[in-house]
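Q: pasted the sequence and its predicted model underneath.
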Amino acid sequence: VHHAAAVGKGKGVLNDNKSINTDSYSGGYYLRDITKPMYSQNGGAIETYTAKNKMVSPGTLLTDSDNTWVDPAAVDAHVYAGKVYDYYYTKLGRNSFDDEGGTLKSTVHYRENYGNAGWTGTQMVYGDGDGSDKYAYLSGALDVVGHEITHGVTERTADLVYEGQSGALNESWSDVFGNLIENKSDPEWLCGEDIITPNIPGDALRSMSDPNKYGDPDHMRDYVDTTEDHGGVHTNSGIPNKAFYNFVTTSGVTRDNAAKVWYRALSQYLTSNSKFIDARNATIQAATDLFGEDSKEVTAVTNAWSNVGVG
Ligand SMILES: CCC(=O)Oc1c(C)cccc1C(=O)O
Ligand SMILES: [Zn+2]
């Protein structure tokens, strides 16, 4: 018996039909995508597991007898991880979170009443929500999956300490790539809008275009000094998030070029204790490397950070 790529089907969290790359192996189907370059290179795959609501990871690799998948949280975690892999590979030349074709593992139904998603250091984990109607299954949003995998990319590059300003940069880079990968036609630059309060339309965890909308700062003067949440990493991210929004919406700056600047800053210049001013300098240097010191990108990124009171 050998591994063979197959295409199954199933519904996602938003009850949408999806085709799913699976692995037909020894008579069954595994929720394993073996169609990516990393598979032929080094056996790297995209694998989706269930924790069965225990605090285990990765847990049990999901299988199915007829390649019709009925767990929407697993369907979306799997399909969206594939989209995130494709984005990093084709747009930024990065081969998986570790740039070595490392297998991308996701675990759904992690813990009980868990209104969180996260990167454990080696894989993604997704809760089912906190037991109230605040969340749908957390893997049901492409910007969330992109956010989590980008935590893995960050850890393998700048390794920004998850505390204070470096932690807010860590969070912001995940929000930035989550939204770049989601690439909605009306780029509302919201975070988690597809899985927050499924009964209430139009709300989100955070807004990059208007952080204040969800009580987050959009200027250095409003930086939140707190011991909560590792020094406010999910709120102070509003400042670099707004800087990126300023940059990517400057006329003449394309999403793909903005992505290249942000990725080069992360992978070449930022380090574990970088502060907001270092992120300003890193993105200006990255834009200079890529487009030249007199480029519109350098002007735009410089103004983008000044607008939020950094530099
Ligand atoms: C946009 C994705 C996101 O913020 O995920 C988290 C949630 C939903 C709760 C707690 C932490 C995180 C995170 O990944 O930072
Ligand atoms: Zn995060």
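A: Thanks, I have it. In this text the structure is predicted, and so the values were computed from the model without any measurement. Ligands and ions are numbered 1, 2, ... in the order given.

Q: what pLDDT does the closest residue to ligand 1 within the stretch 201-311 of the chain get?
A: Proximity of the stretch 201-311 of the chain to ligand 1 (Cβ to the nearest ligand atom) peaks at Leu205, 5.5 Å away. Yep, even glycine has a C-beta here, placed from its N, CA and C like the rest. On pLDDT, Leu205 comes in at 97.

Q: quick one: contacts for the closest residue to it other than its chain neighbours?
A: For Leu205, ignoring the flanking residues on the chain, the nearest one in space by Cβ to Cβ, 6 or more residues apart in numbering is Gly192 at 3.7 Å. Listed by Cβ atoms under 8 Å, 6 or more residues apart in numbering, the contact partners of Gly192 are Ala141, Asp143, Val144, Ala204, Leu205, Arg206.

Q: does the residue of the stretch 201-311 of the chain closest to ligand 1 touch Tyr214 like I think?
A: Yes: between Leu205 and Tyr214 there is a contact under Cβ atoms under 8 Å: 7.1 Å.

Q: of the two, who's got more company?
A: Higher neighbour count among Leu205 and Tyr214: Leu205, with 19 against 16, using other Cβ atoms under 10 Å.

Q: ok so, going back, contacts only, for the residue of the stretch 201-311 of the chain closest to ligand 1.
A: Taking Cβ under 8 Å, 6+ apart, we find Leu205 in contact with Leu190, Cys191, Gly192, Glu193, Ile196, Tyr214.

Q: give me the subset of those residues lying in strands.
A: Residues of those located in strands (DSSP state E): Leu190, Cys191.

Q: in CSV: the contacts of Leu205, plus distance to Arg156.
A: Shown next, in CSV, are the contacts of Leu205 (distance: Cβ to Cβ, whole Å):
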residue, distance to Arg156
Leu190, 27
Cys191, 22
Gly192, 24
Glu193, 28
Ile196, 28
Tyr214, 29
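
Q: near ligand 1, from the contacts of Leu205?
A: Among the contacts of Leu205, the residues that sit close to ligand 1 (Cβ under 6 Å from any ligand atom) are Cys191, Gly192.

Q: any chance you could map the strands in the protein?
A: Per DSSP E, the chain carries strands over the ranges 4-11, 17-25, 28-30, 32-33, 46-50, 60-61, 63-64, 68-69, 104-108, 117-119, 124-126, 190-191, 206-207.

Q: name the helices or strands packed onto the second one?
A: Going back to what we said before, that points to strand 17-25. Packed against strand 17-25 by the contact rule (3 or more Cβ pairs under 8 Å, 6 or more residues apart in numbering; DSSP states H and E) you find strand 4-11, strand 28-30, strand 32-33, helix 72-92.

Q: can you redo these as TSV with mean neighbour count and distance to Arg111?
A: Formatted as TSV, the helices and strands packed on strand 17-25 follow (neighbours: other Cβ atoms under 10 Å; distance: least, Cβ to Cβ, whole Å):
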stretch	mean neighbour count	distance to Arg111
strand 4-11	15	23
strand 28-30	18	24
strand 32-33	24	23
helix 72-92	23	13
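
Q: among these, which comes closest to ligand 1?
A: Across the helices and strands packed on strand 17-25, closest to ligand 1 is helix 72-92 (Cβ to the nearest ligand atom), at 12.0 Å.

Q: any idea how far the spatially most central residue of the chain is from ligand 1?
A: For the chain, His147 is the residue whose C-alpha lies nearest the centre (Cα atoms, centre = their mean; 1.7 Å). Taking Cβ to the nearest ligand atom, to the nearest Å as the measure, His147 falls 4 Å from ligand 1.

Q: count of residues packed around the closest residue to that residue other than its chain neighbours?
A: Of all residues not flanking His147 in the chain, Gly178 sits nearest, at 3.7 Å (Cβ to Cβ, 6+ apart). By other Cβ under 10 Å, the residues close to Gly178 number 24.
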